[in-house]
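[1] Dropping the sequence and predicted coords here.
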Amino acid sequence: MKNCLLCGVGGQGTVLASRIIAAAAMKKGLFARTAETIGMAQRGGSVVSHVRIGETVTSPMIPQGKADVLIGFEPGEAAANLEYLKQDGIVIVCRSEVTPVTASLGQSGYNGAACVDYLRKQAARCYLIDADEICSACGSSKVLNVALVGALAASGAMDLNIDDIEAVLKERLKPQLVEMNRKALSMGAACVQEK
Amino acid sequence: MKELLMGNEAIAVGAIAAGVQVVSGYPGTPSTEVLETIAKRNPGNVHVEWSVNEKAGAEVAAGAAYAGARSLVTMKQMGLNVASDPVMCVNYIGVKGGMVIYVADDPGPISSQTEQDTRTFGAYAKIPVFDCDAPEQAFQAVQDAFACSEEYETPVILRATTRVCHGCAVVDVPELNAPKAADGFVKDSKWVIFPRLSYQNKQKLMAREQNLSELFSAYQGNTIEGSGKIGIVCGGISHAYVMDAIEGHEAAFQVLKIATPYPFPDKLAEKFLKTVEQVLVFEELDPYLEDRMIYHMGRNGSDPLRIKGKRTGTVPAAGELSAVTVAEIIERETGVATSIPQNTTAEKPDMPVRPPVLCAGCPHRGAFYAVKQAAKGRKAVYHGDIGCYTLGNAAPLNMVDTCLCMGAGITMAQGLSYAEPDTLNFAFVGDSTFFASGITGTVNAVYNQADMILVVLDNSTTAMTGHQPHPGMGITMMGKRTEPVDIAKVLEGIGVKSIRIADPLDYQASVNAVKAAIAENGVRALIFKSPCIAITKPKGQVTVDAAACIGCMYCINQLGCPAIITRDGRAFIDASLCTGCGLCTQICPKQCMKAEEV
């Protein structure tokens, strides 16, 4: 059984990312379950997606301490969900923070860099993804999710490789978007391979 | 073919496989995707409609079932309250074609007003209930529900909860064919509800309860797993949490899973109770299964105190369960170790706090802000309603003082004004909510000569649940063009004398419209018309002249727009969020913000 938790802010594309991972597993003949945040909480709120792969999975939700990988679309959200990661689990986190309205209004304090430091200290392996760089190189802020999935594939933690993911993207995306997403996928993967 | 399907999609596909012919419903999280998926995968001649509300939807489904068609009506648990008038009655009359009432419950609650339990409602209404615990099981359950409905000539409730509705699993989907035509309605006095008929049919309902209970004890969905001495009773998603918690330690346990909460499979429960030494009940929402188990033990003269669950304070009374919660309770109550590790995370830095907020560029922000500014200095109460605009409650707008249920703001405004005549009462209602249940309240206001200002926030869609069409939009769920129902004309027809229409993103015009309405008496209506940003292309982008910005943060402190953040002590626009609505440019004291069209 392999578990991957994705977390971020509503609108960042976590739902699509978890569906891509699950669909890639299904294509390989594996059983998969996912659970996503849908509805009111999506409006700028914190969102979490669970992906579980394997024949013995009964629950769509990963129990705390059981995730093989934690993918943070945002450093604060990754830190908030660290309980889900197992002892020797992997963190893949995007560096750029999303400032909540509560922080702009001075109602809450939040520092993304402090959360990145915390994650690096706590996790056995922590890969940082430079989202701004990847998105501007690919020409769209919407490829962040695919870049993170690329990093996941390169890590090998879910037994899925880049080809498995690419096969799903080709099926799901409009032909004119495939090249851009392929680039995001490989740039995301490079962030893990460099280490 | 194998597909990754959401629970709601699996139910939709199962309903089509069962030959459903008429599908109605009203959007509501977490139920919405069932009807949408049937519309998307329509095999040809299935009638699919978003009804004006759940009561209308249930009646449409009942009519179709009277004619022998298989019908499905979909709603969330709050919608069942709206539909309860026809639902409570149709059970006494019965159906000819299978009629399934799909209700999605929302433990937590995550996006609902209440934590009500449709299993309890089913038992109260005496309508059989099938529960869903996973997408692949829900695919089968909906087909079993149709078969049961037709065989026993009763409506059947299919119930799921958020994590099942919105969880995905790999499901084997068969080829889907168009349903066969219904045999048609046959005139008979049995279709006309009268007290005498209801008396006779009540006796049949009670007898049926016994029959179905026996039958359900052998139903393949109700299962006993394992043969340990520690008994666990569960149903729905709690089964998944239990299996996760006891993974690797299964030998100590015996798990009874209930897929038909009403009528309860008594014989199966009795068999289970004879072989276990203690019983823990894990379920979300009501202690429904727990009460059934206690009832059994009481009736058999055995000791009901062996049953532990919500009633004994063993399981939390409210909120969702999780594998961790279940594991902790099992370890505490039985001493048997579970597979869930203890939480050992170190202390964390400041975490971001992200309550849901109105989107950047949302026209509701302009409407709320204009009313707030125009009513400044007046003693006013702002009644909210159900939709995205409930989020107008958040700081810095603080424009929702009350919120109860669909359409309630309009009528509550009236009641409050009778009790406290010197208050100015505003009732905010969205366009879809207005059609669903705002019209009756408006008629009530006109008839009873209320003093209030109705504010319709018309964003040309049902936004919160994911942009479903409604009567004001000129399109049906079958994709056909239709004459839009005009909200201003409806109000005019009801007899509202003062009606103003304004663009909420035009700040000064909106303030003027509100001020003019405040100056009048009686029932006044303001219609703020501007489409939801999620269904339109961004107008452009706002830029800040950093040299001119003095960092007063008036824009953020007044509007709370998520696209405006601070950088180096100045206002800064997050280009990925800004839609160029230009509201901030109209209130900036230094006029240093500019909206540029793209």
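    In hand now; what should we look at? Numbers count the residues shown, from 1 in each chain, chains lettered A, B, ... in the order given.

[2] ok so B:A534 is a strand residue?
    No - using DSSP: H, G, I helix; E, B strand; the rest coil, the assignment for B:A534 is helix, not a strand.

[3] A:G10 versus that one, what's the distance?
    12 Å (CB to CB, to the nearest Å). From N, CA and C alone the C-beta is placed, and that goes for glycine too.

[4] higher neighbour count, those two?
    Taking neighbours as other CB atoms under 10 Å in any protein chain shown, B:A534 and A:G10 compare with A:G10 leading, 23 against 16.

[5] What is the neighbour count of B:K537?
    So B:K537, with other CB under 10 Å, has 8 neighbours.

[6] With the one 5 residues further on instead?
    Burial of B:V542 is recorded as 27 neighbouring residues (other CB under 10 Å).

[7] what pLDDT does A:V101 get?
    pLDDT, A:V101: 86.

[8] The nearest residue to B:C532 once chain neighbours are set aside: how many residues sit nearby?
    Sequence neighbours aside, B:N459 is the residue nearest to B:C532 in space, at 4.2 Å (criterion: CB to CB, 6 or more residues apart in numbering or on different chains). When neighbours are defined as other CB under 10 Å, B:N459 has 27 of them.

[9] repeat for B:L35
    Neighbours of B:L35 under the rule other CB under 10 Å: 29.

[10] thinking again about what came up before, quick one, what contacts the residue nearest to B:C532?
    Neighbour list for B:N459: B:363-364, B:388, B:430-431, B:530-532 [criterion: CB atoms under 8 Å, 6 or more residues apart in numbering or on different chains].

[11] Any part of stretch B:217-227 near chain A?
    No - Stretch B:217-227 stays clear of chain A (CB under 8 Å from any CB of the partner chain), getting no nearer than 10.6 Å.

[12] For chain A, just list every one of the strands.
    Assigned by DSSP state E, chain A shows strands spanning A:2-9, A:32-36, A:46-53, A:67-72, A:85-94, A:125-129.

[13] and the fifth one, what does it pack onto?
    In this structure, strand A:85-94 makes packing contacts with strand A:67-72, helix A:75-80, helix A:112-122, strand A:125-129, helix A:144-155, judged by 3 or more CB pairs under 8 Å, 6 or more residues apart in numbering or on different chains; DSSP states H and E.

[14] residues touching the residue nearest the centre of chain A, list them.
    When CA atoms, centre = their mean is applied to chain A, the residue found nearest the centroid is A:I71 (3.6 Å). For A:I71, the contact set (CB under 8 Å, 6+ apart) comprises A:4-7, A:17, A:78, A:92-93, A:148, A:151-152.

[15] Now tabulate the residues you listed in CSV and tack on distance to B:L285, pLDDT and neighbour count.
    Output for those, formatted as CSV (distance: CB to CB, whole Å; pLDDT from 0 to 100; neighbours: other CB atoms under 10 Å in any protein chain shown):
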residue, distance to B:L285, pLDDT, neighbour count
A:C4, 29, 98, 30
A:L5, 26, 98, 28
A:L6, 28, 97, 32
A:C7, 26, 96, 26
A:A17, 31, 95, 25
A:A78, 31, 97, 28
A:I92, 36, 97, 30
A:V93, 36, 97, 28
A:L148, 35, 97, 30
A:A151, 39, 97, 27
A:L152, 35, 97, 30
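
[16] need those residues in a markdown table with distance to B:V324, can you?
    Shown next, in a markdown table, are those (distance: CB to CB, whole Å):
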| residue | distance to B:V324 |
| --- | --- |
| A:C4 | 18 |
| A:L5 | 14 |
| A:L6 | 19 |
| A:C7 | 17 |
| A:A17 | 24 |
| A:A78 | 19 |
| A:I92 | 23 |
| A:V93 | 23 |
| A:L148 | 26 |
| A:A151 | 28 |
| A:L152 | 24 |
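
[17] Excluding sequence neighbours, find me the nearest residue to B:E328.
    B:E328 sits nearest to B:I340 (CB to CB, 6+ apart), 7.7 Å away.

[18] Surely that neighbour and A:G65 touch.
    Yes - the pair B:I340 and A:G65 qualifies as a contact (CB atoms under 8 Å) at a distance of 6.7 Å.

[19] Who has more neighbours out of the two?
    B:I340 (23 against 20).

[20] Just want the residue of the stretch 401-550 of chain B that's nearest chain A.
    In the stretch 401-550 of chain B, the residue found nearest to chain A is B:M464; the distance is 6.5 Å by CB to the nearest CB.

[21] Report the secondary structure state of that residue.
    Put simply, B:M464 is coil when judged by three-state DSSP.

[22] Equivalent analysis for B:D286, please.
    Following three-state DSSP, we place B:D286 in the coil state.

[23] same deal with B:F426?
    Assignment for B:F426 (three-state DSSP): strand.

[24] wait, does stretch B:237-245 make contact with chain A?
    Yes - Stretch B:237-245 reaches chain A (CB under 8 Å from any CB) through B:237, B:239-241, B:243-245.

[25] Just the pLDDT at the residue nearest to B:E328, thanks.
    Taking B:I340 on its own, its pLDDT is 84.

[26] Give me the distance between it and B:I246.
    Going from B:I340 to B:I246 by CB to CB gives 10 Å.

[27] go on, B:C168?
    Distance from B:C168 to B:I246, by CB to CB: 24 Å.

[28] okay, now residue 135: neighbour count?
    Using chain A. So A:C135, with other CB under 10 Å, has 20 neighbours.

[29] sorry, should have said chain B
    So B:P135, with other CB under 10 Å, has 29 neighbours.

[30] and if you look at B:N521?
    With neighbours defined by other CB under 10 Å, the count for B:N521 comes to 9.

[31] How about the one 4 residues further on?
    Burial measure for B:A525: 25 neighbouring residues, criterion other CB under 10 Å.

[32] Now whatever residue of the stretch 51-200 of chain B ends up closest to chain A: closest residue in space, sequence neighbours ignored.
    Proximity of the stretch 51-200 of chain B to chain A (CB to the nearest CB) peaks at B:G167, 3.4 Å away. For B:G167, ignoring the flanking residues on the chain, the nearest one in space by CB to CB, 6+ apart is A:P60 at 3.4 Å.

[33] I'd guessed that neighbour sits against A:A35; true?
    Yes - counting by CB under 8 Å, A:P60 does reach A:A35; the two are 3.7 Å apart.

[34] shared neighbours, these two?
    Taking CB under 8 Å, 6+ apart as the contact rule, A:P60 and A:A35 both touch A:50, B:163, B:167-168.

[35] which ones among those residues are found in strands?
    Assigned to strands by DSSP E, the following of these qualify: A:50, B:167-168.

[36] Neighbour count and distance to B:G301 for these - can I get that in TSV?
    TSV is the format used below for those (neighbours: other CB atoms under 10 Å in any protein chain shown; distance: CB to CB, whole Å):
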residue	neighbour count	distance to B:G301
A:H50	26	45
B:G167	28	41
B:C168	29	46
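
[37] quick one: which of those residues is nearest to B:A563?
    A:H50 (29.6 Å; CB to CB).

[38] how close does the closest one sit to A:V69?
    Computed as CB to CB, the A:H50 to A:V69 distance reads 11 Å.

[39] Overlap of the contact sets of the two?
    A:3-5.

[40] Pipe the helices and strands packed on strand A:85-94 into CSV and attach distance to B:K267 per row.
    Shown next, in CSV, are those (distance: least, CB to CB, whole Å):
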stretch, distance to B:K267
strand A:67-72, 41
helix A:75-80, 47
helix A:112-122, 52
strand A:125-129, 54
helix A:144-155, 49
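
[41] is the helix-or-strand element of chain A with minimal mean pLDDT up against chain B anywhere?
    Lowest by mean pLDDT, DSSP states H and E among the helices and strands of chain A is helix A:101-104, with a mean of 85. Yes - Helix A:101-104 lies within reach of chain B by CB under 8 Å from any CB, at A:101-104.

[42] Derive a PyMOL selection command for the buried subset of those residues.
    The PyMOL command for the buried members of these (criterion: 16 or more other CB atoms under 10 Å in any protein chain shown) is given here:
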select buried, chain A and resi 101+102+103+104
